[in-house]
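1. Provide a 3D model corresponding to the input given below.
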Amino acid sequence: MRSRFAGLPGLVLLIAVAATQACAQPMLAYVAAQNANPKRLEAFKKGMAELGYVEGRNIRILYREAVLDGEYDGVVTDLVARKVDIILAANVAATRAAARATITIRSS
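-> Residues are numbered from 1 along each chain as shown. Modelled structure (predicted):
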């Protein structure tokens, strides 16, 4: 005789997976020059905290750096492939690379 609760563990697993996916933290990428002023990053983190976003609590942040302007294209392409939710480009070269890498996302 089959128990009417036999499917319950599978149902609980599905609910747990759905809850985890629904509560997934957004992922932000912070792209800057390797020699960028560290005070800029501190100010960014402080501003995020003032808006209620705390790294590891309710947002994930990937930090990426480039030494040469030509490296940003590869850095940003990798971030797009990782499907980050937001790319924060901390300088002009990073901004241009992000614009080039995301043009197909915007037009889709």
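2. what pairs with the spatially most central residue of the chain across the strands?
-> Nearest residue to the geometric centre of the chain (Cα atoms, centre = their mean): M27, 2.2 Å. For M27, the beta-bridge partners are R60 (DSSP bridges).
3. and it, what pLDDT?
-> pLDDT, M27: 93.
4. do the same with A89
-> 93.
5. got a list of what it touches?
-> By Cβ atoms under 8 Å, 6 or more residues apart in numbering, A89 lies in contact with 31, 76, 95, 97-98. C-betas here are computed from N, CA, C, even on glycine.
6. make it 6 Å
-> A89 is in contact with 31, 95, 98, counting by Cβ atoms under 6 Å, 6 or more residues apart in numbering.
7. among those, who's most crowded?
-> V31 (25 neighbours; other Cβ atoms under 10 Å).
8. touching, that one and Y63? I think so.
-> No - contact between V31 and Y63 fails when scored by Cβ atoms under 6 Å: they sit 8.3 Å apart.
9. give the buried residues for stretch 84-103.
-> For stretch 84-103, burial by neighbour count (16 or more other Cβ atoms under 10 Å) applies to 84, 87-91, 93-95, 97-98, 101.
10. now stretch 59-66
-> Buried, per 16+ other Cβ under 10 Å, within stretch 59-66: 59, 61, 64-66.
11. relative to P38, which of the residues you listed is nearest.
-> E65 (11.7 Å; Cβ to Cβ).
12. for that closest one, which non-adjacent residue is spatially closest?
-> Q34 (4.2 Å; Cβ to Cβ, 6 or more residues apart in numbering).
13. low-confidence ranges, this structure, go.
-> 1-23, 104-108 (pLDDT under 70).
14. which stretches of it form strands?
-> Secondary structure of the chain (DSSP state E): strands at 27-33, 60-66, 86-89.
15. take those and lay them out in CSV including distance to K45.
-> Shown next, in CSV, are these (distance: least, Cβ to Cβ, whole Å):
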stretch, distance to K45
strand 27-33, 9
strand 60-66, 8
strand 86-89, 11
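16. re the thing from before, pretty sure the residue nearest to E65 sits against Y63.
-> No - with contact defined as Cβ under 6 Å, Q34 and Y63 do not form a contacting pair (10.7 Å).
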